[in-house]
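# could you work out the structure for the sequence below:
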Amino acid sequence: MDKIDKEAFVLAVYDIVKTIPYGRATSYGAIAKAVGYYNMPRMVGKVMSECNSSETGIPAHRVVNSQGILSGRDAFGGSSEMQELLESEGVVVVNNKIKNWKTVFWNPLAEINI
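Coordinates of the predicted model:
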């Protein structure tokens, strides 16, 4: 990816993540599909790990792996902040995994017009 493409990718990811509803979560893969890069969920994870939610207001805590596991918690300093943010929105997390993942999961391709 050249610099311009990466910048557009990052902005597209941020735009989708900003629309994740309160109390819901989605996966890196779902975001990658929504921005048209089906094979780049790891790049979405990298973007999320670098977005600095406290400064940008982007709810990176709502993006997890495809099984609902809080794999991005290290981006929050390895603390329990990611879990605490999700739980403050009513999302139940047990052993670093979202309980009732299929209910909590937000699919951007199905739920917004892209």
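# confirm for me that residue 32 is in contact with residue 41.
Yes. Taking Cβ atoms under 8 Å as the contact criterion, residue 32 and residue 41 are neighbours in contact, 4.5 Å apart. (Each C-beta comes from the backbone N, C-alpha and C, glycine too.)
# ok, those two, which is more surrounded?
The neighbour comparison of residue 32 against residue 41 (other Cβ atoms under 10 Å) goes to residue 32, with 23 against 19.
# helices along this protein, start to end?
Counting by DSSP state H, the chain has these helices, from start to end: 3-17, 28-34, 41-49, 53-56, 81-88, 101-104, 108-111.
# for this protein, which spans come out with low pLDDT?
Of all residues in the chain, those with pLDDT under 70 make up the ranges 1-4, 113-114.
# residue nearest the centroid of it?
The centre of the chain sits closest to residue 63, judged by Cα atoms, centre = their mean, with a distance of 1.9 Å.
# tell me the contacts of that one?
Applying Cβ atoms under 8 Å, 6 or more residues apart in numbering, one finds that residue 63 lies in contact with 17, 20, 25, 26, 27, 28, 31, 44, 45, 48, 72.
# I'm done for today, thanks for sticking with me.
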